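Asks: only geometry, no sequence info:
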């Protein structure tokens, strides 16, 4: 999955530090597209040398490589470089690069959506002792937003409930959805499966979780079993496809970045 970068390690501890020329400096435009070059199909990053005279703040490190966000870099251009959406990053990058860029996008989105205090309207500043945005007037503190969501592998004997979204990602997927106010993750599983496919489920069992910076998510994977014959009544507003598919017929996604794909693969190989 995207976070499986061993022996490398993401170091997300807060640090109040100054950028150096050799650090990676990420320039995002107003639409959240990141500026990258390419060399032999691999991404080339802008650096601290490109950010001289710009306002930056520290994001995280991957091993000893430090990543910074350029706060006033929306109009910056560099020969041979172009802007890529986070979805395009998923297709052109791999390993630590795609994980770092997804995580950086998560933090860029947090900052872009929280320029001003929601309580009094004052411009927010950066916390100096933790990763936060702090209002200098009323001291309201804003932390990075993390949205809990579930990924659900629904089983019926030797079949798995495979879906495809109505919009966006075009490949095979599983039932998924965000947790609502006052709801447990297990209740989210049962509700989302019922809403999207009309299938009642039981034996809800936790599998694994995954950070997913593209949507500011923490994804939580569950397997469960269909009750009765598992008749599907698909919500056409959410999905364009929902079918019971036998293990051997499951078509996996084109890369191994997602928890969804791993869960489909686990079932396909008879490991759950």
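Replies: Here it is on my side, so go on. Here the structure is a predicted model, which is why all the values come from computation and not from measurement.

Asks: isn't residue 114 up against residue 142?
Replies: Yes. Taking contacts as Cβ atoms under 8 Å, residue 114 lies within contact range of residue 142: 5.1 Å. (Each C-beta comes from the backbone N, C-alpha and C, glycine too.)

Asks: common neighbours of these two, please.
Replies: Common contacts of residue 114 and residue 142, defined by Cβ atoms under 8 Å, 6 or more residues apart in numbering, comprise 124, 133.

Asks: who's more crowded, those two?
Replies: More neighbours surround residue 142 than the other of residue 114 and residue 142, with 18 against 15 (other Cβ atoms under 10 Å).

Asks: care to break this protein down by domain?
Replies: 10-113, 115-143, 147-268 (automatic domain parsing).

Asks: in TSV: those, plus mean pLDDT and distance to residue 2.
Replies: Listed next are the domains of the chain as TSV, based on pLDDT from 0 to 100; distance: least, Cβ to Cβ, whole Å:
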stretch	mean pLDDT	distance to residue 2
domain 10-113	94	5
domain 115-143	96	21
domain 147-268	96	4
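
Asks: could I get these as a markdown table with distance to residue 1?
Replies: Shown next, in a markdown table, are the domains of the chain (distance: least, Cβ to Cβ, whole Å):
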| stretch | distance to residue 1 |
| --- | --- |
| domain 10-113 | 9 |
| domain 115-143 | 23 |
| domain 147-268 | 5 |
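
Asks: can you point me to the longest helix in the chain?
Replies: Secondary structure of the chain per DSSP state H: the longest helix is helix 95-112.

Asks: what residues of that helix count as buried?
Replies: Within helix 95-112, the residues that qualify as buried are 97-111, counting by 16 or more other Cβ atoms under 10 Å.

Asks: out of those residues, who's nearest residue 254?
Replies: Of all the buried residues of helix 95-112, residue 98 has the smallest distance to residue 254: 13.5 Å, by Cβ to Cβ.

Asks: hmm, residue 200 and residue 194 touching each other?
Replies: Yes. Look at residue 194 against residue 200 with Cβ under 8 Å: they come within range, at 6.4 Å.

Asks: distance of residue 206 relative to residue 189?
Replies: Between residue 206 and residue 189 the computed distance is 10 Å (Cβ to Cβ, to the nearest Å).

Asks: what about the strands in the stretch 151-272 of the chain?
Replies: With strands called from DSSP state E, counting those that start in this stretch, the stretch 151-272 of the chain shows them at 159-165, 175-178, 201-212, 217-226, 239-246.

Asks: packing partners of the third one?
Replies: Under the contact criterion of 3 or more Cβ pairs under 8 Å, 6 or more residues apart in numbering; DSSP states H and E, strand 201-212 touches helix 95-112, strand 147-156, helix 185-197, strand 217-226, helix 259-268.

Asks: cutoff 6 Å now
Replies: Here strand 201-212 touches helix 185-197, strand 217-226, going by 3 or more Cβ pairs under 6 Å, 6 or more residues apart in numbering; DSSP states H and E.

Asks: and the ones you listed as JSON lines, adding mean neighbour count and distance to residue 48?
Replies: Output for the helices and strands packed on strand 201-212, formatted as JSON lines (neighbours: other Cβ atoms under 10 Å; distance: least, Cβ to Cβ, whole Å):
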{"stretch": "helix 185-197", "mean neighbour count": "19", "distance to residue 48": "40"}
{"stretch": "strand 217-226", "mean neighbour count": "21", "distance to residue 48": "30"}
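
Asks: out of these, flag the one nearest residue 18.
Replies: Among these, strand 217-226 sits nearest to residue 18 (Cβ to Cβ), with 30.5 Å.

Asks: for the spatially most central residue of the chain, list each beta-bridge partner.
Replies: The chain has residue 212 as the residue nearest its centroid, 2.0 Å off, counting by Cα atoms, centre = their mean. Listed beta-bridge partners, residue 212: residue 217 (assigned using DSSP bridges).

Asks: again with residue 155
Replies: As assigned using DSSP bridges, the partners bridged with residue 155 are residue 160, residue 225.

Asks: do you know how far it is from residue 162?
Replies: Distance from residue 155 to residue 162, by Cβ to Cβ: 11 Å.
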